[in-house]
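Engineer: this one's sequence-less:
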C-alpha cells in the first residue's frame, strides 16, 4: 500500500473528527498536532508541515461549512484541499509521437521505469521503442533488453559502443517507425560534472519533447537537490517517483519535488511492470484519507478487462444465471486488476483501516479457488449443486487440496449468488459486474 503508515495516521485523524460530538477549537488544534506528527514521520519538510497545519487550523476555525455539509465533513474537506495543494497538481504526459529522455542517478529505478512507461503508453495505443544509451554499465543494456522483450517493445542498443551519442543517433534511426522513443541514459552514484556533461550533449542532439527525472522516494528531502540539479542543467519536464509502496520517506520526496516546481508525472508502487500510476495530487490524497479513487478504479478496469467479455458476464448475471463459471470469471477479472490491497485503496472507506494480512489471505484463497475450479468438469461448473461425495473427493485430489477447501469454495460461491439475488440497485450491480467486483 502506498505510504501505508502515513495513510493510517491521516485516516485516524479523520475518524477522530467525524466521531466527535462537537467540533471546537481544542479538537481542531489536537487534530492538527496529529497531522503534524504524521507528516514529520513521513519526512515532509518541517516548515511545510507547520505552514500546512496553520492553514488547516485557520480555515477550520474561520470558514463556514457549505450548505448541506456538516462541521466534521467541512474539516475533512479542508484537510483534503490543503494536503493536495502541498503536493502540487502533477502533470500528465501527452499521447503523441515524441522522444523521451529518462534521467537520474544510479540505483533509482530508471531502467525499470522505462519499461513501466512503455507499457503505460502502449495501453494508450502508442508503439514504443527503447534505446539503451547507458554505455558505462553493461548490466543496464541487458536489463533494458530483457524488459523490452517483457513489454513487447522495440529495442536498440550496442553493448560494445564507446559513445552514448553514437548509440542514440543509431537508435533514433532504427526506431524511427515507433510513435514514442524512450532513451535510457547513464546514471552515476552521485551528481557529478561528467554525468551532466553527457546528458547535456545527448539532450542537445536529441531535442526530446520530455526530459523525465526518476527519483527513488526513499531519498526523502534530498530529492529536492537532485531535482534542482537536473533541472538547472537540462530542464526537466517531469518526475517519476519510484518505490512509493510503503516508503516512510515518500511523503518527503513528494513534497520536496513539488517545492522545486518539478511536476510529478508518475509514481511507482511496486516491482511489477503494472505497478505504475499517473500522479494526480487530488486522487492521491483522496486515497490516503480513505476516500477512495473510483475514477482510477474504473480506468484500471477498462484497461485490463475485456469489455465484450464483461458485458456478456453482466447479461448472464442480470438474467439470473450465476454458476461457478461466472464466479470463476469474476475472480479472473479481479486478479487482472492487481492485488486486493491495491484495489481496496481505490474503494471509499473513510476512517477505516484495511487489514493487510486479511487481504493477503483473501488473495491466496482466490488463487486456490481458481485451481479447484480448474479441476472441475464442465457439468460441475454449470451445475454446482451436483458436487457431493465422490465428486468432491476427486476435485480435491486433482487440485491438490482437501475436501474442506472445496466446501469452502462452494460456500463462497453460494454467498456471492445470494448477494446477486438480493442486489436491488441493478445499475450498481451492472457497473460492479463490468469491473468484475460484483
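Structural biologist: Nice, thanks for sending it over. Please read these numbers as outputs of a predicted model, since none were measured by experiment. Numbering: from 1, shown residues only.
Engineer: Show me how the chain divides into domains.
Structural biologist: With domains defined by automatic domain parsing, the chain comprises 4-86, 98-289, 297-434.
Engineer: Pick the most deeply packed of those.
Structural biologist: domain 98-289 (a mean of 20; mean count of other CB atoms under 10 Å). (Each C-beta comes from the backbone N, C-alpha and C, glycine too.)
Engineer: Quick check: closest non-adjacent residue to residue 398.
Structural biologist: Closest residue to residue 398 apart from its sequence neighbours, by CB to CB, 6 or more residues apart in numbering: residue 375 at 3.6 Å.
Engineer: Would you state the helices of the stretch 251-400 of the chain in chain order?
Structural biologist: Secondary structure of the stretch 251-400 of the chain by DSSP state H, counting those that start in this stretch: the helices cover 281-288, 294-304, 307-318, 324-336, 340-344, 356-374, 378-382, 389-399.
Engineer: Compare the domains of the chain and report which one is nearest to residue 92.
Structural biologist: domain 98-289 (6.0 Å; CB to CB).
Engineer: who are the neighbours in contact with residue 171?
Structural biologist: By CB atoms under 8 Å, 6 or more residues apart in numbering, the contact list for residue 171 reads 129, 131-133, 156-157, 181, 183.
Engineer: try 10 Å
Structural biologist: Counting by CB atoms under 10 Å, 6 or more residues apart in numbering, residue 171 touches 129-133, 154-158, 181, 183, 206.
Engineer: and what of residue 50?
Structural biologist: 32, 36, 39-40.
Engineer: From those, which land in helices?
Structural biologist: 32, 36, 39-40 (DSSP state H).
Engineer: Out of those, which comes closest to residue 78?
Structural biologist: Closest to residue 78, out of all of those and judged by CB to CB, is residue 32, at 10.6 Å.
Engineer: Now do the contacts for that closest one.
Structural biologist: The neighbours of residue 32, taking CB under 10 Å, 6+ apart as the test, are 13, 49-50, 52-58, 60, 79.
Engineer: pLDDT added to those residues, as a markdown table?
Structural biologist: Output for these, formatted as a markdown table (pLDDT from 0 to 100):
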| residue | pLDDT |
| --- | --- |
| 13 | 90 |
| 49 | 93 |
| 50 | 95 |
| 52 | 94 |
| 53 | 95 |
| 54 | 96 |
| 55 | 96 |
| 56 | 96 |
| 57 | 95 |
| 58 | 96 |
| 60 | 94 |
| 79 | 91 |
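Engineer: can you redo these as JSON lines with secondary structure and distance to residue 123?
Structural biologist: As requested, the contacts of residue 32 are exported to JSON lines (DSSP: H, G, I helix; E, B strand; the rest coil; distance: CB to CB, whole Å):
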{"residue": "13", "secondary structure": "helix", "distance to residue 123": "36"}
{"residue": "49", "secondary structure": "helix", "distance to residue 123": "37"}
{"residue": "50", "secondary structure": "helix", "distance to residue 123": "41"}
{"residue": "52", "secondary structure": "helix", "distance to residue 123": "35"}
{"residue": "53", "secondary structure": "helix", "distance to residue 123": "39"}
{"residue": "54", "secondary structure": "helix", "distance to residue 123": "42"}
{"residue": "55", "secondary structure": "helix", "distance to residue 123": "38"}
{"residue": "56", "secondary structure": "helix", "distance to residue 123": "37"}
{"residue": "57", "secondary structure": "helix", "distance to residue 123": "43"}
{"residue": "58", "secondary structure": "helix", "distance to residue 123": "43"}
{"residue": "60", "secondary structure": "helix", "distance to residue 123": "41"}
{"residue": "79", "secondary structure": "helix", "distance to residue 123": "33"}
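Engineer: can you list those in a markdown table and add distance to residue 366?
Structural biologist: Listed next are the contacts of residue 32 as a markdown table, based on distance: CB to CB, whole Å:
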| residue | distance to residue 366 |
| --- | --- |
| 13 | 33 |
| 49 | 40 |
| 50 | 45 |
| 52 | 40 |
| 53 | 41 |
| 54 | 46 |
| 55 | 44 |
| 56 | 40 |
| 57 | 45 |
| 58 | 47 |
| 60 | 42 |
| 79 | 35 |
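Engineer: Which single one of the residues you listed is nearest to residue 383?
Structural biologist: Nearest to residue 383, judged by CB to CB, of the contacts of residue 32 is residue 13 at 51.5 Å.
Engineer: Spit out the contact partners of the closest one.
Structural biologist: 30-35, 37-38, 75-76, 79, 289, 351.
Engineer: which of the residues you listed has the weakest pLDDT?
Structural biologist: By pLDDT, residue 351 ranks lowest within the contacts of residue 13, coming in at 47.
Engineer: Flag the shaky bits of this structure, pLDDT-wise.
Structural biologist: Within the chain, the stretches with pLDDT under 70 are 1-2, 189, 246-248, 291-320, 334-360, 362, 419-438.
Engineer: Now do the SS call for residue 106.
Structural biologist: coil (DSSP: H, G, I helix; E, B strand; the rest coil).
Engineer: Quick check: phi and psi at it.
Structural biologist: phi -60, psi 140 (degrees, to the nearest 10).
Engineer: Looks like residue 22 contacts residue 71 (just checking).
Structural biologist: Yes. When contacts are counted by CB atoms under 10 Å, residue 22 is listed as touching residue 71 (8.4 Å).
Engineer: Tell me if I'm right that residue 77 and residue 65 touch.
Structural biologist: Yes. Counting by CB under 10 Å, residue 65 is a contact partner of residue 77 at 8.4 Å.
Engineer: Give me the common contacts of those two.
Structural biologist: Residues touching both residue 77 and residue 65 (CB under 10 Å, 6+ apart): none.
Engineer: mind checking the backbone torsions on the residue nearest to residue 398?
Structural biologist: phi -90, psi 0.
Engineer: which residues touch it?
Structural biologist: The contact partners of residue 375, by CB under 10 Å, 6+ apart, come to 394-401, 406.
Engineer: Let me have these in CSV, adding distance to residue 235 as columns.
Structural biologist: Shown next, in CSV, are the contacts of residue 375 (distance: CB to CB, whole Å):
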residue, distance to residue 235
394, 66
395, 62
396, 63
397, 64
398, 61
399, 57
400, 57
401, 58
406, 61
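Engineer: Name the nearest of those residues relative to residue 146.
Structural biologist: Nearest to residue 146 among the contacts of residue 375, counting by CB to CB, is residue 400 at 32.0 Å.
Engineer: what's near enough to touch the residue lying closest to the closest one once chain neighbours are set aside?
Structural biologist: Counting by CB to CB, 6+ apart, residue 400 lies nearest to residue 371, which is 7.5 Å off, once chain neighbours are set aside. When contacts are counted by CB under 10 Å, 6+ apart, residue 371 touches 398-401, 405, 409.
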